[in-house]
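K.L.:
Here is a sequence together with a model predicted from it:
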Amino acid sequence: MDVRRVSGGAAAAAGTWDEHATRYAGQERLEARAIEAALRLADPRPQDWVVDLATGTGVVLRALAARDPRPAKVTGVDRSAGMLAQVGQLPDEWGVIRGDARCVPLPDGAANVVTCCCTSLAWTIGAVCCVRRAVCSAVRRAHGW
């Protein structure tokens, strides 16, 4: 697990999620249908690198790992070390990074599919803009624009 620094207000919010991390699994089943719908829309391919923002306990990562075929590489990004500690074993070439979705700690253009199934994160305009930039960049590359 690659854990990077999270500071300021993001660190305070991460502490809240850290406190609830071990109990969060109880609600994952409530998210299953929404996550499957999101993954159908994202339509990751075997050659893709998927970045899952606000990955939490890794429910999206586990759903992707259960697919056949599954993406070549998947990286979950979350600011809560407690949530990331709940992710568990992942396939080779997959991993998690502690970081803020508003400033993803990966090189520009690294991934070609971005998911964010965390509703509370999607409500923050900064995060939505971050996802939009990443998705637009991926679409431009895919079409050679």
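P.N.:
On my side now, so go ahead.
K.L.:
okay, CA-based contacts and neighbour counts for the rest of this
P.N.:
OK.
K.L.:
Okay, and the beta partners of D78?
P.N.:
Beta-bridge pairing of D78 under DSSP bridges involves R98.
K.L.:
Settle this for me: it is touching R102, isn't it.
P.N.:
No - counting by Cα atoms under 8 Å, D78 stays clear of R102, with 10.5 Å between them.
K.L.:
Can you pick out the residue with more neighbours from those two?
P.N.:
Taking neighbours as other Cα atoms under 10 Å, D78 and R102 compare with D78 leading, 27 against 17.
K.L.:
Please name the residues that touch that one.
P.N.:
Applying Cα atoms under 8 Å, 6 or more residues apart in numbering, we find D78 in contact with L53, A54, T55, G56, L84, V96, I97, R98, G99, D100, A101.
K.L.:
all helices for this protein, in order.
P.N.:
9-42, 59-65, 81-84, 119-122, 125-143 (DSSP state H).
K.L.:
where does the chain dip in pLDDT?
P.N.:
The model of the chain has pLDDT under 70 over residues 1-28, 118-145.
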